[in-house]
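requesting a structural model of the entry that follows:
(one chain, ligands or ions: 1)
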Amino acid sequence: MSSAAAVDVVPVLCGERWQTLDAARHTDVYNPSTGQVIARTPLATADETAQVVETAAAALPSWSDTPVVERARVMFRYRMLMEEHFEQLTALVTREHGKTLAEARAEVNRGVEMVEFAAGIPSLLMGQSLPNIAAGVDAEVVKHPVGVCVGITPYNFPNMVPLWMFPVAITCGNTFVLKPSEKVPLSAVRLGELLLEAGLPPGVFNIVHGDKECVDTLLAHPKVAAVSFVGSTPIAKYIYETGTANGKRVQSAGGAKNHLIVMPDADMDQTVRQLAASAYGCAGQRCMAGSLTVAVGGAADPVVEGLVDYAGSLRVGPSDGNEEVDMGPVIRDEHRKRVAEYLDIATGEGATVPLDGRRDFAGSGFLLGPSVVDQVKPGMRVATEEIFGPVLSVARVDTLDEALAMGAGCEFGNGAVIFTRSGYAAREFKQHFNAGMIGVNVGVPAPMAWLPFTGWNRSFFGDLHIQGTESIQFYTRQKVTLTRWPQEHDSHHDPVWKSGQ
Ligand code: NAD
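Numbers count the residues shown, from 1 in each chain. Have a look, this model is predicted:
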């Protein structure tokens, strides 16, 4: 492992200046493929964090007054720069996160789509009007920015999740402070550099790094108007409760336990491939990853046999600079241990492990192979807890109703999928399953930029979701104006246009 002192400290962006904080505390950034420390993230103090908020607040008046078409043009230039630097951005995601290059490309593409969505902001920001709502009175509704917005993001999408937030927030006329995951700050820094290159005025977009001290400062600062959060459920709940108690508007997306129902009539070959892609893609570290397969009736044996066969053949290895792998490492060694522990927990609770991903891998990356856990029953920890690693549990039930009942008891509510050829089963599932994002023969039903990311239950705290037109509502406040222009009658102000001359 390289010595932490020999690597660079990640800069913060405060206005036009990239600064190296003289922080007393740091977090190491790893390359999960090699286990090497590649950078150090400074953990900002409350004072340092407040200074970044003040910088964003100072930039607000002139940016919110900038014509919306000019704000949109920054996004057009930004998109071109992202395309130009696409391979660099994807390599950075793989380097600091560990997902494969193909997965990193898919991630950056999703981020680019958010920029494309934000580039359409002039149409999206249009208001409403209703003339003569009362005698001689015209009504109009327009959208104003809310002020300084904050984004706090998780480690699992270093590029895409920040892009879920700031392109829309800033094109709506707000200024922004991003607090990326301290585990993966490098993609955020590159996104910030390209944004300045695209011509965004200094102070409109800022980056601060930190942990709880920094986040608590952002949640309490009187000049912060809105907070967008994505991360684990306990922290999402804390952010929502603290932010709203401090008078901020908050959208806060949390963790998940996504069910994948397989009906006996499903195409088994295709289904097994999709189950594996859903559960083992990004080494299981996706909030939309399939985590619990619920096999109905005769689907169970072919699903388990197919998964053991297919997942066992996936090429697991260091992903950095290497296209020849199907699954890369997980984020940290502690996380690998935590995920692997679930296999012991599962057998301790009476489940079986027909495919065990714990193997000796060459090198010092944080590698863990895919695992399949069978004979999982409702209430077991592997059936209810978010594992966030390459472990797919399988529960066997007799009917679709039993499968729906398992979903009804789930505390989360992000994604859920059914694999079937039956329109009736698909409709029952779509109508009744207890989650906000539904797939019918689609393994990872993650909505794209133009649609809201609609987690339910403890997968989301707040009202207005990320992405789509809900994000425009979140980052704006409405103003209604009622106007009356009485006709003037005194002789000095004869309405010339009425005189017929
Ligand atoms: P995390 O909750 O540990 O961290 C997320 C952010 O919160 C980071 O920026 C971190 O610095 C900050 N944070 C951590 N502890 C904090 C504390 N005590 N006080 C204040 N701030 C704190 O999440 P993670 O491990 O980085 O990301 C994985 C989680 O994110 C998973 O649960 C996953 O399901 C979830 N996620 C959800 C979605 C979604 O859309 N619902 C999308 C991606 C990831």
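
find the centremost residue of this protein, please.
The structure's the chain has its C-alpha centroid closest to residue 161; by CA atoms, centre = their mean the separation is 3.9 Å.

helix or strand for the residue nearest to residue 244 when sequence neighbours are not counted, which one?
Spatially, and ignoring its direct neighbours in sequence, residue 244 is nearest to residue 250 (5.4 Å; CB to CB, 6 or more residues apart in numbering). C-beta: built from backbone N, CA, C; applies to glycine. Following DSSP states H and E, one finds residue 250 within strand 249-253.

same question, residue 49
helix 46-65.

past that helix, which element shows up next along the chain?
helix 68-84.

show residues contacting that following helix.
Applying CB atoms under 8 Å, 6 or more residues apart in numbering, the external contacts of helix 68-84 come out as 63, 89, 108, 111-112, 115-116, 118-122, 125, 167, 170-171, 173, 194-195, 197-200.

does stretch 150-163 reach the ligand?
Yes. Interface with the ligand: stretch 150-163 contributes 152, 153, 154, 155, 156, 157, 161 (CB under 6 Å from any ligand atom).

re the thing from before, on contacts alone, who are the packing partners of the helix or strand following the strand holding residue 250?
Next in sequence after strand 249-253, counting helices and strands by DSSP H and E, comes strand 258-262. Contacts defined by 3 or more CB pairs under 8 Å, 6 or more residues apart in numbering; DSSP states H and E place strand 258-262 against helix 268-280, strand 290-296, helix 400-408, strand 415-419.

between strand 258-262 and helix 400-408, how big is the angle?
170 degrees (axes from the mean of the first three to the mean of the last three CA atoms, to 10 degrees).

from the chain's centroid, how far away is strand 258-262?
21 Å (CA atoms, centre = their mean, to the nearest Å).

repeat for stretch 428-447
18 Å.

do that stretch and the ligand meet?
No. On the criterion CB under 6 Å from any ligand atom, stretch 428-447 is out of touch with the ligand, staying 8.5 Å away.

if we can go back for a sec, quick one: average confidence on the helix holding residue 49?
Per-region confidence: helix 46-65 scores 98 on mean pLDDT.

and stretch 395-411, by the same measure?
pLDDT averaged over stretch 395-411 gives 96.

what parts of this protein come near the ligand?
So the chain meets the ligand at 152-157, 161, 179, 181-182, 211-212, 215, 230-232, 235, 253-256, 287, 386, 388, 414, 453, 455, 459 (CB under 6 Å from any ligand atom).

so the residue nearest to the centre of the chain, which state does it fall into?
helix (DSSP: H, G, I helix; E, B strand; the rest coil).

return the per-residue confidence for the closest residue to it other than its chain neighbours.
Spatial nearest neighbour of residue 161, chain neighbours left out: residue 153 (4.5 Å); criterion: CB to CB, 6+ apart. pLDDT, residue 153: 99.

how near is residue 153 to residue 313?
34 Å (CB to CB, to the nearest Å).

between those two, which is the more surrounded one?
Using other CB atoms under 10 Å as the criterion, residue 153 and residue 313 rank with residue 153 on top: 27 against 10.

was I right to think that one contacts residue 160?
No. Using CB atoms under 8 Å, residue 153 is not in contact with residue 160, being 9.3 Å away.

give me the neighbour count for the nearest residue to residue 290 once chain neighbours are set aside.
Using CB to CB, 6+ apart and skipping the chain neighbours, the partner closest in space to residue 290 is residue 278 (3.5 Å). The local packing of residue 278 (other CB under 10 Å) involves 25 other residues.

now residue 278: how far from residue 341?
Counting by CB to CB - residue 278 and residue 341 are separated by 22 Å.

give me phi/psi at residue 385?
phi -100, psi 150 (degrees, to the nearest 10).

can you give me the helices in the stretch 101-250 of the chain?
101-119, 121-124, 160-171, 186-197, 212-220, 233-245 (DSSP state H, counting those that start in this stretch).

can you tell which of those helices is closest to residue 480?
Checking the helices of the stretch 101-250 of the chain against residue 480 by CB to CB gives helix 121-124 as the closest, at 18.7 Å.

give the buried residues for the closest one.
Within helix 121-124, the residues that qualify as buried are 121, 124, counting by 16 or more other CB atoms under 10 Å.

same check on stretch 200-220?
200, 203-210, 214-219.

again with stretch 107-125
107-108, 110-115, 117-119, 121, 124-125.

just put these in a markdown table and tack on pLDDT.
Formatted as a markdown table, the buried residues of stretch 107-125 follow (pLDDT from 0 to 100):
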| residue | pLDDT |
| --- | --- |
| 107 | 98 |
| 108 | 98 |
| 110 | 98 |
| 111 | 98 |
| 112 | 98 |
| 113 | 98 |
| 114 | 98 |
| 115 | 98 |
| 117 | 98 |
| 118 | 98 |
| 119 | 98 |
| 121 | 98 |
| 124 | 97 |
| 125 | 98 |
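
from those residues, pick the one nearest residue 368.
Among the buried residues of stretch 107-125, and counting by CB to CB, the member closest to residue 368 is residue 107, at 20.4 Å.

what ranges do the strands span in the stretch 351-500 of the chain?
352-355, 371-376, 391-397, 415-419, 437-440, 460-461, 476-484 (DSSP state E, counting those that start in this stretch).

so where's the stretch 401-501 of the chain uncertain?
490-501 (pLDDT under 70).

of all the residues in it, which one is nearest the ligand?
Of all residues in the stretch 401-501 of the chain, residue 455 sits closest to the ligand, at 4.9 Å by CB to the nearest ligand atom.

next one: phi and psi at the residue lying closest to that residue once chain neighbours are set aside?
Among residues not flanking residue 455 along the chain, residue 414 sits closest, at 4.7 Å (CB to CB, 6+ apart). When read as degrees, to the nearest 10, the backbone of residue 414 gives phi -80, psi -90.

need the contact list for residue 414.
255, 256, 258, 287, 288, 435, 436, 437, 455, 456, 459, 460.
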